[in-house]
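J.: got a predicted structure plus its sequence, pasted below:
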Amino acid sequence: MAEIVIVENREAAGELVAAEIARLIRARPDAVLGLATGSTPLPVYEALPAELAGVDVSQVRGFALDEYVGLDPDHPESYRSVIRREVIEPLGLDPSRVRVPDGSLPGIEHHGDDYDAAIAEAGGVDLQILGIGTDGHIGFNEPGSSFASRTRVKTLTRQTREDNARFFESIDEVPMHCITQGLGTILEARHLVLLAFGAGKADAVAGAVEGPVTSSLPGSAIQLHPHVTVVVDEAAASALADADYYRYAWAHKPQWQGL
């Protein structure tokens with residue numbers, strides 16, 4: 001089962017995960033990071049500069065989870081722009097070593113295969129950061145996505161477009177399609193770290209961790225992975241039936257094991 005870590009707030013979560021990423025990079029300077037976007041991973045990215053002070057990050061590689069289809073790459077809400085603004089520039093990463101799925105329309109039919117091939121060529125993702133949607137999606141794998149799915153174009157649900165409308169002037173500006181790593185691609189990462197904050201994510205977290213494994217809740221795919229860490233605040237943990245056990249297990253975990 002996944003390791004569930006319940007922390008006081010999102011800042012504590014960010015510091016915990018950032019420390020693990022820094023440990024990974026110190027041990028493997030050319031580590032491959034799987035990068036999520038949105039508000040959920042921001043505490044991690046904000047805590048990383050302090051954790052990486054004095055650490056050589058010139059060889060670190062990264063792969064973003066997804067991108068909008070048909071959105072200008074220079075649009076401030078394209079994930080290429082977001083990754084550059086929130087990850088590459090603050091951490092001082094080499095932009096040429098960080099890739100985002102190609103959402104341009106020419107050649108879109110093979111961009112997914114090209115992206116999976118690039119991840120494989122890099123040796124796979126060492127640590128994949130994930131958020132989870134209110135409907136249980138991870139990446140842009142909406143309910144009904146196959147657990148064997150690869151990077152591909154998907155149609156966004158109305159709910160996801162409404163959730164993301166806060167980043168645009170209106171929901172009408174939110175693209176209808178995206179290109180996203182599939183659940184099968186995500187599950188190939190060596191370590192999955194899923195973060196969730198707030199009561200609005202409580203049901204999705206409980207379903208992903210304690211519910212049945214079902215394509216109706218794509219986040220439940222993490223139960224099929226051998227190394228998963230779920231880091232949540234108290235509000236996001238409020239629907240977990242076994243929260244007391246998770247707290248007990250974390251409090252008594254050998255320190256040398258890390259996340």
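T.: Noted; the coordinates are in hand.
J.: pretty sure Leu194 sits in a strand.
T.: Yes. Counting by DSSP: H, G, I helix; E, B strand; the rest coil, Leu194 falls inside a strand.
J.: contacts only, for it.
T.: 2, 130-132, 138, 208, 219, 222, 228-231 (C-beta atoms under 8 Å, 6 or more residues apart in numbering). Where you see a C-beta, it was placed from the backbone N, CA and C, and this is true even at glycine.
J.: just the ones of these in helices?
T.: Ala208 (DSSP state H).
J.: pretty sure Pro43 sits against Glu11.
T.: Yes. At 5.7 Å, Pro43 counts as touching Glu11 under the criterion of C-beta atoms under 8 Å.
J.: which residues outside stretch 139-147 are in contact with it?
T.: Applying C-beta under 8 Å, 6+ apart, the contact partners of stretch 139-147 are 36, 65-66, 130, 135-137, 149, 154-157, 160, 178, 180-184, 186-187, 215-218, 221, 224.
J.: run through the helices of the stretch 151-259 of the chain in chain order.
T.: 158-164, 183-186, 202-210, 243-251 (DSSP state H, counting those that start in this stretch).
J.: got the angle between the last one and helix 202-210?
T.: By that I understand helix 243-251. Helix 243-251 runs at 60 degrees relative to helix 202-210, counting by axes from the mean of the first three to the mean of the last three C-alpha atoms, to 10 degrees.
J.: flag every buried residue along stretch 193-208.
T.: Across stretch 193-208, burial judged by 16 or more other C-beta atoms under 10 Å covers 193-198, 201-208.
J.: contacting residues for Gly34?
T.: Gly34 neighbours (C-beta under 8 Å, 6+ apart): 62-63, 65, 125, 127-130, 181, 186, 189.
J.: closest to Ala118 among the residues you listed?
T.: For the contacts of Gly34, the residue nearest Ala118 by C-beta to C-beta is Phe63; the value is 7.4 Å.
J.: in the sheet, who's paired with that closest one?
T.: Gly34, Arg99 (DSSP bridges).
J.: tell me the pLDDT at Thr134?
T.: Here, the pLDDT recorded for Thr134 equals 89.
J.: swap in Arg152?
T.: Arg152 carries a pLDDT value of 97.
J.: try Val205
T.: Per-residue confidence at Val205 stands at 98 (pLDDT).
J.: just want to know which of Pro43 and Glu11 has more residues nearby.
T.: The residue with more neighbours, out of Pro43 and Glu11, is Pro43; 22 against 13, by other C-beta atoms under 10 Å.
J.: checking the more buried one next. Helix, strand or coil?
T.: Following three-state DSSP, we place Pro43 in the helix state.
J.: ok, it to Val98 distance?
T.: 20 Å (C-beta to C-beta, to the nearest Å).
J.: from Glu162, how far off is Ile171?
T.: Using C-beta to C-beta, one obtains 6 Å as the distance from Ile171 to Glu162.
J.: ok, Asp94 next?
T.: Using C-beta to C-beta, Asp94 is found at 36 Å from Glu162.
J.: how about Ala199?
T.: Applying C-beta to C-beta, the value for Ala199 to Glu162 is 18 Å.
J.: same question, Arg26
T.: Here the criterion is C-beta to C-beta. By it, Arg26 lies 41 Å from Glu162.
J.: how about Ser78?
T.: Distance from Ser78 to Glu162, by C-beta to C-beta: 19 Å.
J.: show me where the stretch 51-200 of the chain has strands.
T.: With strands called from DSSP state E, counting those that start in this stretch, the stretch 51-200 of the chain shows them at 61-64, 66-68, 98-99, 127-130, 152-155, 177-180, 192-196.
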